[in-house]
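Participant: Here you go, sequence then predicted model.
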Amino acid sequence: MIIFFDIDGTLWDYKNYIPESAKEGIRRARANGHKCFINTGRARAFVTNKELLDIGWDGIVSSCGCMIEYEGKTIFNRLISRDDAIRTMEAMNKYGFKPILEGPEHLYMEKSDYTGDMYGEKVMREMGERLRGIKDSWGKWEINKLSVTCNPETSAQCSEELSDLYDYMVHTPTIWEMVPKGYNKGTGIRKVCELLNVDAADTIAFGDSINDKEMLEEAGIAVAMGRCSDEIAQIADFVTANLEDDGILIGLEKFGLI
């Protein structure tokens, strides 16, 4: 069995707290012969937390299926072309969006756009020297996807103008993820299964939010965390406890993985 885990709201909370029971459950699952993958909307450049990585993983699916690593090697990496990236940034500027460009090695943002913003401050704090300016790196970005703060007055126009390039994950009217068309966490599972010659029926996924929807639909078994959205609960085979209440461990035990 291959087991896929979302990070935010699943493996850890907004303070990056990971329950010891989650670490124990994942390590026991691997000891039982199951392969464990992170499957996150975060770009790989934003998956560097030592405590998280030290749990031990067989692979990492990042950027909503755009990049896949297995046994420490990159086996798939879908980057946005330079021309498409420049076209995207010109649209961001025209419509008053504030983007964060997300790639394998770096994130790119204008710090002035996110000073005082809780998520922006978190990015600045955690990325350190791996954070670069958008204008300073113009046309030299290496990116898989974007996160954006939208201008609601122009969001419909912008999404239409770039609709040939991106699928949109709308978290709130002002917070979107923009992922290359046809990619999501579910296609990440499909690609892992293709590369490892595994049937998707032999997979299980743990998630909690709207960008986990396709992952949970694609997996053979879908486990939603406590406090998940109603839409996610409806497609889950099992809604486990909250992450801090041993939700990962309970889910792994429920399906006989440990």
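Facilitator: Cool, got the structure.
Participant: so which strand or helix has Met89?
Facilitator: helix 82-95 (DSSP states H and E).
Participant: how close does the residue sitting nearest the centre point of the chain sit to Gly128?
Facilitator: Centroid check for the chain by Cα atoms, centre = their mean gives Gly41 as the closest residue, at 1.3 Å. Per Cβ to Cβ, to the nearest Å, Gly41 is found 21 Å from Gly128. Any C-beta I mention is one placed from the backbone N, CA and C, and that applies to glycine too.
Participant: before we move on, what about Tyr95?
Facilitator: The gap separating Tyr95 from Gly128 is 30 Å, by Cβ to Cβ.
Participant: Which of those two has more residues huddled nearby?
Facilitator: Tyr95 (19 against 8; other Cβ atoms under 10 Å).
Participant: need the contact list for the more buried one.
Facilitator: Tyr95 makes contacts with Asn151, Thr154, Ser155, Gln157, Cys158, Glu161, as judged by Cβ atoms under 8 Å, 6 or more residues apart in numbering.
Participant: The last one: neighbour count?
Facilitator: By other Cβ under 10 Å, 16 other residues sit near Glu161.
Participant: ok, it to Arg87 distance?
Facilitator: For Glu161, the distance to Arg87 - Cβ to Cβ - is 9 Å.
Participant: what does the fourth one give?
Facilitator: Going from Gln157 to Arg87 by Cβ to Cβ gives 15 Å.
Participant: Which residue ranges of the chain form helices?
Facilitator: All helices of the chain, identified by DSSP state H, fall at 20-31, 50-53, 82-95, 111-114, 118-127, 155-161, 185-196, 213-218, 230-235, 247-254.
Participant: which one of those has the lowest average pLDDT?
Facilitator: Ranked by mean pLDDT, those end with helix 118-127 at the bottom, a mean of 91.
Participant: Return the list of helices and strands in contact with that one.
Facilitator: Secondary-structure packing of helix 118-127 (3 or more Cβ pairs under 8 Å, 6 or more residues apart in numbering; DSSP states H and E): helix 111-114.
Participant: Please identify the buried residues of the helix it packs on?
Facilitator: With burial defined by 16 or more other Cβ atoms under 10 Å, the residues of helix 111-114 counted as buried are Tyr114.
Participant: just checking, what packs against it?
Facilitator: strand 98-102, helix 118-127.
Participant: Turn the ones you listed into a markdown table, columns for distance to Asn211 and mean neighbour count.
Facilitator: Formatted as a markdown table, these follow (distance: least, Cβ to Cβ, whole Å; neighbours: other Cβ atoms under 10 Å):
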| stretch | distance to Asn211 | mean neighbour count |
| --- | --- | --- |
| strand 98-102 | 13 | 25 |
| helix 118-127 | 14 | 14 |
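Participant: any chance of the ones you listed in TSV, plus distance to Gly186?
Facilitator: Putting the helices and strands packed on helix 111-114 into TSV (distance: least, Cβ to Cβ, whole Å) gives the following:
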stretch	distance to Gly186
strand 98-102	19
helix 118-127	24
